[in-house]
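S.K.: Compute the structure for the input listed below.
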Amino acid sequence: MHDHSEILIDLALAEDIGKGDVTSAYFVPESSQARAFVAVRKAGVVSGVGVAARVFAKVDPTLDVEVLIPDASRVSEGALLMSVLGSARSILTAERTALNFLQRLSGVATLAAQYSDLVKGTSARILDTRKTTPGFRMLEKQAVVHGGGTNHRLGLYDRAMLKDNHLFMNGGLKGIQAAIRRLKADNPGIEVELEADHLDQAHAFLTLEGVDHILLDNMSLDELTEVVALRGERVTPRLEASGGVTLQTLRAIAETGVDFISVGALTHSAAALDIGLDFVSI
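M.R.: Below you'll find the predicted structure:
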């Protein structure tokens, strides 16, 4: 995670600074020293504080960067996340890149917290998806956890998930069962999830061996409740509801008794949390 985020920091700084920060070079005296605070303009949950701190350190290792509020913290408007002391030029050069990471990841964490809060008291947990910003998956999935959510599979490598297109290419239930056995024999520990688009499909999948999760896609509340009842007291397969999930529909879905609710919006539609940098007198 740390090595990957360092690559992202390097890429982000390179695209922003290019051959140099011409504004600071010509309009900010080289000797100017300053103190700045990174402040939250709107209440939320913060993520990316550590990444932002490393951005400042990467631009200028002599900057004195102090994290005041750590990742996963719920903050109110006006909260000070970190202080930066040192070269004014360096602070200004690093500002936008640091805030871009912080605003984006805090937006994901804040949205994840909204969804997670709404399912408290039920057996359901909120899952993210693979609908992430290319290159940012690990950071965005970490932000989901900071907001109280749970990570689904990280990629194509850590869980087999048969969706409608995969099922179309396979030879019915017998073919699926045979493939599951081969997969488990060759890859102990890899879980299997099947996507069911309708009740009959869900019923059929419950008869298979080695299925760890069934994704119930765009099913009604009554259909979700029926599949939960059909599974009964079995621990597996875990049941995941997906499709059409909003803050308005979430609680009713959770109350059907499903184990997980996956929400693509956590990463593909999260609005940036309003966070800024302010200079103060020293």
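S.K.: Start and end of stretch 258-277, how far apart?
M.R.: Using Cα to Cα, to the nearest Å, the end-to-end distance of stretch 258-277 comes to 43 Å.
S.K.: In that stretch, which residues are buried?
M.R.: Residues 258-267, 270, 272-275, 277 are the ones in stretch 258-277 that count as buried (16 or more other Cβ atoms under 10 Å). Backbone N, C-alpha and C define where each C-beta goes, glycine included.
S.K.: now stretch 173-192
M.R.: For stretch 173-192, the neighbour count (16+ other Cβ under 10 Å) marks 176-177, 179-180, 184, 191-192 as buried.
S.K.: Other residues contacting it?
M.R.: Under the criterion Cβ atoms under 8 Å, 6 or more residues apart in numbering, residues 158-162, 167, 170, 194, 204, 207-213 lie in contact with stretch 173-192.
S.K.: try 10 Å this time
M.R.: Contacts with stretch 173-192, where a contact means Cβ atoms under 10 Å, 6 or more residues apart in numbering, come from 153, 157-162, 166-167, 169-171, 194, 201, 204-205, 207-214, 236-238.
S.K.: Among the buried residues of stretch 173-192, which one lies nearest to residue 126?
M.R.: The closest of the buried residues of stretch 173-192 to residue 126 turns out to be residue 191 (Cβ to Cβ; 18.5 Å).
S.K.: For residue 168, report the pLDDT, please.
M.R.: On pLDDT, residue 168 comes in at 54.
S.K.: Could you do residue 147 as well?
M.R.: 98.
S.K.: what about residue 24, how many neighbours?
M.R.: Counted with other Cβ atoms under 10 Å, the neighbours of residue 24 add up to 20.
S.K.: Can you tell me, leaving aside adjacent residues, what's nearest to it?
M.R.: Distances taken as Cβ to Cβ, 6 or more residues apart in numbering put residue 89 closest to residue 24, at 4.3 Å, once the chain neighbours are dropped.
S.K.: count of neighbours near that neighbour?
M.R.: 22.
S.K.: pLDDT score for it?
M.R.: pLDDT, residue 89: 98.
S.K.: quick check, it in a helix?
M.R.: Yes: assessed by DSSP: H, G, I helix; E, B strand; the rest coil, residue 89 belongs to a helix.
S.K.: Quick check: it vs residue 26, distance?
M.R.: 10 Å (Cβ to Cβ, to the nearest Å).
S.K.: Check residue 173 too.
M.R.: From residue 173 across to residue 26, the span is 70 Å (Cβ to Cβ).
S.K.: so who does residue 216 touch?
M.R.: Going by Cβ under 10 Å, 6+ apart, residue 216 touches 195-199, 201-202, 205, 223-224, 226-228, 239-243, 253, 256, 258, 260-261.
S.K.: Buried members of those into PyMOL, please.
M.R.: Selection command for PyMOL covering only the buried members of the contacts of residue 216, criterion 16+ other Cβ under 10 Å:
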select buried, resi 195+196+197+199+201+202+205+223+224+226+227+228+239+240+241+242+253+256+258+260+261
